[in-house]
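*Asks:* I'll drop the sequence and a predicted model, then ask my questions.
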Amino acid sequence: MMFILPAMAQTVEDVLGANLPLTPESINAAPLVDLDQIVNLDQIVASSSPEKSSDDTSASKAVAPSASIVRLQILFDRAGASPGVIDGLDGGNLRKAIAGFRLMQGLPVDGRLDPAVAAALDSPDQVIGSYVISPEDHAAVVGELPEDYGELAKLDHLGYTNVAEGLAERFHMDIGFLRLLNPGSDFALGQTIFVANLGSDREGQVTKVEIDKAGGQVRAYAADGSLIAAYPATIGSESNPSPSGTHMVKAVVENPTYTYNPKLNFQQGNNDKVLTLPPGPNGPVGSVWIDLSEPTYGIHGTPEPNRIDKTGSHGCVRLTNWDAQELAKMLTKGVPVTFVE
């Protein structure tokens, strides 16, 4: 296990493990670094960055991804402390993952990656592996989707717009980072690509869910009080706040349709009538709807995983599709869900 306390004489690339272009070898061998001591973490690199990052979607500039941070994100994902999308960038969701993992380990809860966290997290297993693109990956593609809900309501399924989008979601990766890791790939059938080696989903019986409004995190607990999993979340907004208090899981619906009602929800375009949008990962509530006893509120997925806790929701609790799916499998009807102010 390597834990670096960077010296001022080191370059930013040395400290970050950011020997671009990133390769599976550089990521698998990357050290776990103390993020709080990295100088110039927000170094701008215009020519070698994902097309969509967690914190900056500008096409003209983005923060350089780091091999060390990629490795950290995948290790946290495996441990049940979700960092959201894996993109190689430091940010709020990575700090939440650190805090969630510290809570799991019984350490003081903050966003610090210290030697105790690094030692508990580190693993000799490779974090980047290979994958052969299958017919199922191509079958999940429906092509470009309109933005207007009236047009979406005419479709049968809101699947992926391209193969790369589906693969990125399957492996919890940012689309831009997936492409950066596989330069020149057109994601054709039978092609071998490099992806995050995630391991198995978290398992267990969740008996309590805690939604931390201030912390932007959903935490799932077992009957013995142990933390099974923690997920970054978008929790309401100033104009559409989430509820308060404790509510119950009313139902768990996979591949849900979405009922748009401008009188109850919000105004989308010129649509002034109730519409039923078909299911699919690119639907407004993603691939899972966890219905709460508070009417019209729930925990659900999203078609834009890189926007988790970056933009507000319409009052509900939004997770990445993969985090919502994992949580849903551990829930049953009647589990209490408490919103913590």
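*Replies:* Nice, thanks for sending it over. Numbering: from 1, shown residues only.
*Asks:* ok, the residue lying closest to Val70 once chain neighbours are set aside - contacts?
*Replies:* For Val70, ignoring the flanking residues on the chain, the nearest one in space by CB to CB, 6 or more residues apart in numbering is Gly88 at 4.3 Å. C-beta here means a position set from N, CA and C on the backbone, and glycine is covered the same way. Gly88 sits next to Leu22, Pro50, Pro65, Ser66, Ala67, Ile69, Val70, Gln73, Phe177 when contact means CB atoms under 8 Å, 6 or more residues apart in numbering.
*Asks:* And the pLDDT at Gly88?
*Replies:* Per-residue pLDDT puts Gly88 at 94.
*Asks:* so when I look at it, I'm seeing a strand, right?
*Replies:* No - assessed by DSSP: H, G, I helix; E, B strand; the rest coil, Gly88 does not belong to a strand; its assignment is coil.
*Asks:* Of the contacts of Gly88, which belong to helices?
*Replies:* Ala67, Ile69, Val70, Gln73, Phe177 (DSSP state H).
*Asks:* Any of these buried? List them.
*Replies:* Ala67, Ile69, Val70, Gln73, Phe177 (16 or more other CB atoms under 10 Å).
*Asks:* so can I have a markdown table of those residues showing pLDDT?
*Replies:* A markdown table is the format used below for these (pLDDT from 0 to 100):
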| residue | pLDDT |
| --- | --- |
| Ala67 | 92 |
| Ile69 | 93 |
| Val70 | 95 |
| Gln73 | 97 |
| Phe177 | 96 |
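*Asks:* Would you format these as a markdown table with distance to Thr207 included?
*Replies:* Output for those, formatted as a markdown table (distance: CB to CB, whole Å):
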| residue | distance to Thr207 |
| --- | --- |
| Ala67 | 38 |
| Ile69 | 33 |
| Val70 | 34 |
| Gln73 | 28 |
| Phe177 | 35 |
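*Asks:* now, which of those residues sits nearest Ala220?
*Replies:* The shortest approach to Ala220 among these belongs to Gln73, at 19.4 Å (CB to CB).
*Asks:* so that closest one touches Pro83, yeah?
*Replies:* Yes - at 4.3 Å, Gln73 counts as touching Pro83 under the criterion of CB atoms under 8 Å.
*Asks:* Mutual contacts of the two, please.
*Replies:* Going by CB under 8 Å, 6+ apart, residues that sit against Gln73 and also against Pro83 are Leu94, Ala97.
*Asks:* how close does Gly106 sit to Gly225?
*Replies:* For Gly106, the distance to Gly225 equals 11 Å [CB to CB, to the nearest Å].
*Asks:* ignore the last one, Glu326
*Replies:* Counting by CB to CB, the gap from Glu326 to Gly225 is 20 Å.
*Asks:* out of the two, which sits in the more crowded spot?
*Replies:* Glu326 (21 against 8; other CB atoms under 10 Å).
*Asks:* Pass me the low-pLDDT residue ranges in the protein, would you?
*Replies:* 1-21, 34-63, 238-239, 311-315 (pLDDT under 70).
*Asks:* Helices of that one, residue ranges please.
*Replies:* Using DSSP H, helices in the chain cover 12-16, 24-28, 67-79, 92-105, 115-121, 135-139, 149-152, 163-170, 175-181, 321-329.
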